[in-house]
Every structure is written in C-alpha cells, then in structure tokens.
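> Need a 3D model of the following:
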Amino acid sequence: MWQSDSVQDCVIAEEPLEVWLQIQTASANNNSMKAQPLLTLMRTPGDDINLVTGWLLTSGTIDSLSQIKAIHHSGLARVKQGSSNRVLVTLGADVKIDLPALIRQEYASSACGVCGQQSIENILLRLEQKQQIKNQGCLPLKVADIAVLMDKFSQALPLFKQTGGNHGVALFKQNAEIVDIREDVGRHNALDKLIGANAELLFTNSEQQKGLGLILSGRVGFEMIQKAVMANINYVLALGAPSSLAIELAKEADIVLVGFIKAQRFNVYCGEQKLAFS
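Okay, the predicted model is just below:
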C-alpha cells in the first residue's frame, strides 16, 4: 500500500529575463539612444550578464566583445539589493543590425536562438565564416580522456545534485582539463552562460583556443551545435542523443560529435578521424 508524507523539496528556480537593447549613435551625444525590448528568456536567475553576452555572440548579433559598450541589470529589483529581471545592453555604433527587424524575429519565439531566425539557410551562411582557422593545429582527442572528462563533469554539477531539474555544460581542453561548468533550467541557456563567461578565450584567435570541446548533460539539438560552431568548438560530448539536423551541421562544421556516453561505451556520429583510439 502506498503511503504519503509531506516533505520539503529543493527545486530549480526559473524566472523570465527581459533583454533590452540600444545602439550608440555615430555622434558624440548618445542621449538620443532609445532602448527597446529584444526578447525574454526563461532562465535560472544568476549569471545573467554572461547569459546575455553568450546569446549575443552565438546568435550572430555581434562578432566580438568589443562591440558591447555596456551591459548591466536595469529596472527595479524585486527585493532590496537584489538584481532585477532585466538586462540592458548598449552596442557600439559600428554594429550593423536592423534593430526593429531583429526584435520582430526574436519575438516570434524567444525560447531558443534559432527559432526566431529568418531561416536555417541564413544560419549556415553565417556559420561558414567561422570555419577558417578553427581546426588548424588541433590534435586528436584521446578516447581514454572521454571517460575521464565525463567523470569530472558528473561530479561537478551542484545545482543538479540539489534539484535534479537542470542542464549542465562544460568547456574542456584536450588534456582532459575542465575549464568551466555552467548550469541552467534550459540547455541553451546553460551553454550561452558558459560561452559568455569564457568569451575572451573562445573568440580570440590564439593557441589556447585550439582543441576546445563541450560536454552536454542532455540531448543535442541543432541549436546546440550552432552555438558550438559560433564559439569555435572542435568537440561535442553528450550524455544524450543528437538530432538528425545536429549531426548534419556537425559534419558540415567539421565537429567531432559523440553521444550516448555511458561507462565504457559511446556513439560517434561524425569526426571519428579526429579521435585517438590508442
């Protein structure tokens, strides 16, 4: 017979975050700037600045950190000394975007960065520009390191251990070193937080950029690979399965895609020539 009891449970937080955008004018006087709402993200509060920074970079709205002139919470906080659920971004006058058009596109669906884009073809054209130097001097990833990385990853997800209700992503180097880990109720948010927090490493052409990879706690959809390509990632390791379109894009972008990773088994969906099996 079933018995019931009342207990306290720890659940993952989820709240809306409004992203507002304004662009500097070419003149010295920027008092005429008018902020406009761009999109609303449903996210786990905290790390908001990195989340928005990562979204701006992976959506292709900006090409570099230098185009962000200011980014901060704005509006009234819900509690004293707390952060508000609104972030205001000021972009430089050199950023060439049609702000009203961008707002209309993202309004269609703010749940993910791809859904509001004009078309997958436009995304693919944008991704082609990211493929010039990504794989130069990149050594094969040792298969033995995959198990090491996944073990480190599984032990370093504090929010998931408390709630079991969120996704996690990690950035790693080829020597099986975990660089950073971020968590969020949304997998795409967790990835944008990670990319925003490590933007200087990911978007600067240097030796340190070569051979970087991602670990994902769940399935791999098209958007996750799209963000990986925009961030110059070489490897994607996932506990879950990829979608057909994610595999196609990973092949097109020359990314090693490994999924269904378990104890001593995994599936290699593309890029097996960049894995060292001995």
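> Measure how buried Gln208 is and give me the count.
When neighbours are counted by other Cβ atoms under 10 Å, Gln208 registers 13. Quick note: C-beta positions are derived from backbone N, CA and C, even for glycine.
> Next up, identify which helix or strand Pro37 is on.
Using DSSP states H and E, Pro37 sits in strand 36-43.
> quick one: strands adjacent to that strand?
strand 15-23 (antiparallel) (DSSP bridges).
> For Gln174, which residues are in contact?
Residues in contact with Gln174 (Cβ atoms under 8 Å, 6 or more residues apart in numbering) are 138-139, 141-142, 145, 211, 213.
> related to what we said a few turns ago, and the helix or strand following the strand holding Pro37, how far out from the chain's middle?
Per DSSP H and E, the first helix or strand lying C-terminal to strand 36-43 is helix 48-58. Its chain's C-alpha centre and that of helix 48-58 lie 8 Å apart, by Cα atoms, centre = their mean, to the nearest Å.
> and the angle for helix 48-58 with strand 36-43?
Here helix 48-58 points in a direction 110 degrees away from that of strand 36-43 (axes from the mean of the first three to the mean of the last three Cα atoms, to 10 degrees).
> If you count contacts, what does helix 48-58 end up packed against?
strand 15-23, strand 36-43, strand 68-73, strand 86-91, helix 187-197, helix 199-202, helix 222-230 (3 or more Cβ pairs under 8 Å, 6 or more residues apart in numbering; DSSP states H and E).
> right, so these: which one is the most enclosed?
Burial of these is given as mean neighbour count (mean count of other Cβ atoms under 10 Å); helix 187-197 ranks first at a mean of 27.
> relative to strand 68-73, how tilted is it?
Helix 187-197 and strand 68-73 are oriented at 130 degrees to each other (the same axes, to 10 degrees).
> What mean pLDDT does helix 187-197 get?
Rounded to a whole number, the mean pLDDT of helix 187-197 is 98.
> do stretch 214-228 as well
Mean per-residue pLDDT for stretch 214-228: 96.
> domain parsing for this structure?
15-127, 141-276 (automatic domain parsing).
> circling back: and the strand holding Pro37 with strand 86-91, angle?
130 degrees.
> returning to that earlier point: of the domains of the chain, flag the one that's most buried.
Most buried among the domains of the chain, counting by mean count of other Cβ under 10 Å: domain 141-276, with a mean of 19.
> And it, end to end?
End-to-end distance for domain 141-276, by Cα to Cα, to the nearest Å: 6 Å.
> which residue ranges form the helices in the chain?
For the chain, the helices defined by DSSP state H occupy 48-58, 99-108, 120-128, 143-154, 158-163, 187-197, 199-202, 222-230, 244-252.
> lowest-confidence stretch among those helices?
The weakest mean pLDDT among the helices of the chain belongs to helix 99-108, with a mean of 63.
> pretty sure Lys173 is in contact with Ile215, am I right?
No. If you go by Cβ atoms under 8 Å, Lys173 and Ile215 don't touch, sitting 11.8 Å apart.
> my guess is Leu239 meets Leu216, correct?
Yes. Using Cβ under 8 Å, Leu239 is in contact with Leu216, at 6.9 Å.
> Leu214 and Ile225 touch, don't they?
No. Assessed by Cβ under 8 Å, Leu214 is found out of contact with Ile225, at 9.6 Å.
> Would you mind grabbing the residues shared as contacts by those two?
With contacts defined as Cβ under 8 Å, 6+ apart, the residues shared by Leu214 and Ile225 are Val236.
> coming back round to it: export the helices of the chain as JSON lines, with columns for distance to Gln3.
Formatted as JSON lines, the helices of the chain follow (distance: least, Cβ to Cβ, whole Å):
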{"stretch": "helix 48-58", "distance to Gln3": "42"}
{"stretch": "helix 99-108", "distance to Gln3": "48"}
{"stretch": "helix 120-128", "distance to Gln3": "52"}
{"stretch": "helix 143-154", "distance to Gln3": "32"}
{"stretch": "helix 158-163", "distance to Gln3": "24"}
{"stretch": "helix 187-197", "distance to Gln3": "36"}
{"stretch": "helix 199-202", "distance to Gln3": "51"}
{"stretch": "helix 222-230", "distance to Gln3": "41"}
{"stretch": "helix 244-252", "distance to Gln3": "44"}
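> Good, wrapping up.
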